[in-house]
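Visitor: dropping the sequence and predicted coords here.
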2 protein chains.
Amino acid sequence: MVEPRVYAAMAQPIVGHLDPYFFQISEEIRGLLATAFGTSNQFTMAISGTGSAGMEACVSNFVEDGSKMAVLANGFFCDRLSELGRRQGANVVRLEKPWGEVFSDGEARDFIKREKPNVVAYVMAETSTGVKQPGKAICEAAHEVGALVVADCVTALGTMPCNIDETGIDAAYSCTQKGLGAPPGLAPVSISPRALETLRGRTTSHKSWYFDLKLLDEYYGSSHRYHHTAPISMFYALREALEIIREEGLPARFARHERNHKAFVAGLEAMGLRMFVAPEHRMWALNTPCVPEGVTDLAIRKRLMEGDGIEILGGFGPLAGKVFRIGIMGAGSREENVLLLLDRMESALRAEGFPPRSSGVEAARAFYSA
Amino acid sequence: MVEPRVYAAMAQPIVGHLDPYFFQISEEIRGLLATAFGTSNQFTMAISGTGSAGMEACVSNFVEDGSKMAVLANGFFCDRLSELGRRQGANVVRLEKPWGEVFSDGEARDFIKREKPNVVAYVMAETSTGVKQPGKAICEAAHEVGALVVADCVTALGTMPCNIDETGIDAAYSCTQKGLGAPPGLAPVSISPRALETLRGRTTSHKSWYFDLKLLDEYYGSSHRYHHTAPISMFYALREALEIIREEGLPARFARHERNHKAFVAGLEAMGLRMFVAPEHRMWALNTPCVPEGVTDLAIRKRLMEGDGIEILGGFGPLAGKVFRIGIMGAGSREENVLLLLDRMESALRAEGFPPRSSGVEAARAFYSA
């Protein structure tokens, strides 16, 4: 969901890519993004591409032929991280977990200490499963062996605390269309001083010119050296979306996401649905209830889409047919949406032969008024 | 200049990146772009990045470690093409010409036949100099030695015939913010069947996942296999901009660019300014009059910017201080803009101690009414 204010900002007349007004906006974005990421990193900016461009920028700048990249693999986007590392010529080693589970501190630490990689990558909030992965032990172990940490914050940014400085993350990336509530088109990234130092010490030139963070640092930094023509309209949109977040306040925003998530879960469980992820590992922005026996996820999704114009997603990969993936985030994370969704899911489940055990809407209402 | 219709289209509510409506739009874009490029290439689409992303996609998919890339180097963007090729590991060989000159058919042919490269790259319309480079002999020679041809159509697309099929170009890229009149944010590309075949036969995996044309072909092609989340709003904007071009008609649009360019040149020459580029090699979208003796380009540009809010650019590299670079393109290529610009330049030149020989405005008026 994108708020009308963001669309209106995006449609403002463009200026040149070296115009002082553009750099004023990029500086505002730098500050607002840094707050959302929880960082004092000077290099906090948006890459001119979508979220995956952020992933590619963060992997490809720190991994090269012969690097060792360790991936904590428990979902789809960990697989993509691995793929990107391999393409850059890295020796990718993986610690595997079934989708939906998290890595304990000890598991992560043992793996990293054993492998001694150059780069460790993990996903903070995995959209394919609904799991959030704690990162502190990962980062500590990585830094002990001299590795940098790349973290996927795609669904995390703007919906939960990222705390990348406190956690120790060296290269974080996200997108604009999930927790930030802007249209897709930019990839926020934040790079630690430690990572920048590694970059400056790199003796081989980066294969990619478009994603070369050293060049981007010169463009957005004080020298404003021409690199590429940034998508100005998307910067307008991102600035406005971040301004909305600033007005709400991050703590209030996170609390809102948590509250609506918990109300939704209360409703789902009252209806007799089981959540796929253990309570302590659930992210707030994306809910993954299991598909009840005797019901197909496609039938429910079709009823919601065609009857109510509500789009929920199904699982894929190992979770195909097993879970729903229901995003309640950004401007969409609202009590009325939670209640509407529960009401429509109740009808859809009943129509598909799964009469809810009790009313999801009432359970969520009870949660809200408690 | 972006027309209000394009801004309005861009601000329409977004849909999902796998929504049938999105693919309906991407199919419309495919058809409209193909017309503008002058091609029947099935792979005619927009890369989710700005113009430079198109350059990187076209170079990096066809050049790898040990490839030989031949660049016809007569301007800034030829240098960037060389840089991108080198980063991909290519042995880059260059035929050099002073900025502002073009390569004759014989020179291009001899160079290509001698070097026998895998890829030949040239710039169709060089924004740093105002020169257009004929491509037919380049493509013929390249194909005779089995090379693919990459052509920069950044300023060409939508302002002059690209004719990429007739010319023999295998990989063409452009941007949205010049001749097409949309905000920056996408890179139109068109890939020949011959180039796609080369791609499919490539045994090494592409270093870049984001720019992998094989994956993008699957996303935008009939299988719609999920790749990345495309910047939907930019696709809306591009579709609308292309629709405006379709309504005007390409021949009328090119004629309009040619006419306004020629009127502007008539005005400049009447004022006593000399054009940097020989008449037969001038592109229509960007004019490069020489800075007259005794005048600094910065002083004139400052007067226009601060007094009239008109932005013209200066030369850079070997042309720093020597030429103005004045873009008159897209929706901005209009008689009233040409006359206004000449009038304001006349005042600025006079104020800087270069009284025009005769009235540029009158000369342009005479041209228009001839």
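Guide: Nice, thanks for sending it over. Not measured: the values here are computed from a predicted model.
Visitor: residue A:165 against residue A:34, yeah?
Guide: No: contact criterion CB atoms under 8 Å: residue A:165 and residue A:34 do not qualify, at 9.3 Å. In short, each C-beta sits where N, CA and C put it, glycine included.
Visitor: who's in contact with whichever strand or helix holds residue A:194?
Guide: Here residue A:194 sits within helix A:193-200, counting by DSSP states H and E. For helix A:193-200, the external contacting residues (CB atoms under 8 Å, 6 or more residues apart in numbering or on different chains) are A:41, A:42, A:43, A:61, A:62, A:148, A:170, A:171, A:191, A:213, A:214, A:217.
Visitor: which residue sits closest to residue A:7, ignoring its sequence neighbours?
Guide: Here the nearest residue to residue A:7 in space, its sequence neighbours aside, is residue B:11; by CB to CB, 6 or more residues apart in numbering or on different chains that works out to 4.2 Å.
Visitor: so that neighbour makes contact with residue A:9?
Guide: No: under the criterion of CB under 8 Å, residue B:11 makes no contact with residue A:9, lying 9.2 Å away.
Visitor: of the contacts of helix A:193-200, which is the most crowded?
Guide: With neighbours defined as other CB atoms under 10 Å in any protein chain shown, the most crowded of these is residue A:171; it has 30 neighbours.
Visitor: okay, that one and residue A:147: tell me how far apart.
Guide: As for residue A:171, its distance to residue A:147 is 11 Å (criterion: CB to CB, to the nearest Å).
Visitor: now residue A:160
Guide: Residue A:160 sits 24 Å away from residue A:147, taking CB to CB as the criterion.
Visitor: near chain B, which residues of the stretch 101-250 of chain A? Just list them.
Guide: For the stretch 101-250 of chain A, the contact set with chain B under CB under 8 Å from any CB of the partner chain comprises A:175, A:177, A:183-185, A:205-211, A:227-234, A:237.
Visitor: quick one, longest helix in chain A?
Guide: For chain A, the longest helix by residue count, based on DSSP state H, is helix A:250-270.
Visitor: can you give me the end-to-end span of stretch A:347-362?
Guide: With CA to CA, to the nearest Å as the measure, stretch A:347-362 spans 14 Å from end to end.
Visitor: quick check: mean pLDDT across it?
Guide: On average, the pLDDT along stretch A:347-362 is 96.
Visitor: which outside residues touch that stretch?
Guide: With CB under 8 Å, 6+ apart as the contact definition, stretch A:347-362 has outside contacts at A:267-268, A:270-272, A:292, A:294-296, A:299-300, A:303-304, A:307, A:339, A:342-343, A:345-346.
Visitor: separate out the buried members of those.
Guide: Among the contacts of stretch A:347-362, the ones that count as buried by 16 or more other CB atoms under 10 Å in any protein chain shown are A:267-268, A:270-271, A:292, A:300, A:303-304, A:339, A:342-343, A:345-346.
Visitor: helices of the stretch 51-200 of chain A, start to end?
Guide: Ranges of helices in the stretch 51-200 of chain A, per DSSP state H, counting those that start in this stretch, are A:51-60, A:76-87, A:105-115, A:136-144, A:164-167, A:193-200.
Visitor: related to what we said a few turns ago, just put the buried ones among the contacts of stretch A:347-362 in a markdown table and tack on distance to chain B.
Guide: Output for the buried ones among the contacts of stretch A:347-362, formatted as a markdown table (distance: CB to the nearest CB, whole Å):
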| residue | distance to chain B |
| --- | --- |
| A:267 | 24 |
| A:268 | 23 |
| A:270 | 29 |
| A:271 | 26 |
| A:292 | 25 |
| A:300 | 17 |
| A:303 | 18 |
| A:304 | 14 |
| A:339 | 22 |
| A:342 | 22 |
| A:343 | 23 |
| A:345 | 19 |
| A:346 | 24 |
